[in-house]
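Asker: Quick one, structure for this:
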Amino acid sequence: MKYLKQFAVILTISLLGELLHFRLPLPIPASIYGLVLMLLSLRFGLVKPEQVRETGMFLVDILAVLFVPPAVRLLTVWDVLRPKALAYAAITLVSTVLVMAAAGKATQRALGKTGGDHE
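Answerer: Take a look at the predicted model:
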């Protein structure tokens with residue numbers, strides 16, 4: 001029952017993100033609205049970490065499985081993607097490296113570490 005309650009909290013915040021996406025004329029995906037709402041809810045104590053911890057960890061644990069349907073869809077449209085596969089691969093590689101670098105720098109800044117020796 002605990003997991004159902006936690007999942008309901010996560011789904012409610014996701015629904016609020018969908019509603020914001022529907023109502024606001026901004027080019028921001030609903031999932032981003034949901035993530036920001038969850039962050040703000042956790043930050044200001046509207047949702048306590050224990051209210052979503054186990055279900056959140058479960059969803060992170062099975063995250064790789066959630067990518068299977070999109071991967072299968074890519075295989076079914078391979079004929080359309082093939083002519084530009086090299087360009088898509090290059091864009092994916094470059095954007096992945098840039099996102100990893102930006103996330104690393106943001107994490108270092110958030111932790112107050114800008115380089116040098118780390119303990």
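Asker: L19 versus G45, what's the distance?
Answerer: 22 Å (Cβ to Cβ, to the nearest Å). All C-beta atoms are positioned from the backbone trio N, CA, C, and that covers glycine.
Asker: Neighbour count for those two, which is higher?
Answerer: A count of neighbours by other Cβ atoms under 10 Å puts L19 above the other of G45 and L19, at 13 against 7.
Asker: Show me what counts as buried in the helix or strand containing the more buried one.
Answerer: Assigned by DSSP states H and E, L19 belongs to helix 2-23. Residues of helix 2-23 classed as buried: Q6, F7, V9, I10, I13, S14, L16, G17, L20, H21 (neighbour count, 16 or more other Cβ atoms under 10 Å).
Asker: Pick the one among the residues you listed closest to L39.
Answerer: I13 (9.8 Å; Cβ to Cβ).
Asker: I figured the closest one hits L40, correct?
Answerer: No: using Cβ atoms under 8 Å, I13 is not in contact with L40; the gap is 9.6 Å.
Asker: next one: stretch 73-82 to chain centre, how far?
Answerer: Relative to its parent chain, stretch 73-82 has a centroid offset of 24 Å by Cα atoms, centre = their mean, to the nearest Å.
Asker: what sits up against it?
Answerer: With contacts defined as Cβ atoms under 8 Å, 6 or more residues apart in numbering, stretch 73-82 is touched by Y88.
Asker: Identify the single longest helix in the protein, thanks.
Answerer: Criterion DSSP state H: the longest helix present in the chain is helix 85-111.
Asker: That helix: how far from the chain's middle?
Answerer: The answer for helix 85-111 is 14 Å, by Cα atoms, centre = their mean.
Asker: Output the contacting helices and strands for the helix holding L19.
Answerer: If you count contacts as 3 or more Cβ pairs under 8 Å, 6 or more residues apart in numbering; DSSP states H and E, helix 2-23 packs onto helix 30-43, helix 53-61.
Asker: What residues of the longest one count as buried?
Answerer: Burial within helix 30-43, assessed by neighbour count using 16+ other Cβ under 10 Å, is assigned to A30, Y33, G34, L37, M38, S41.
Asker: do the same with stretch 67-85
Answerer: Within stretch 67-85, no residue is scored as buried using 16+ other Cβ under 10 Å.
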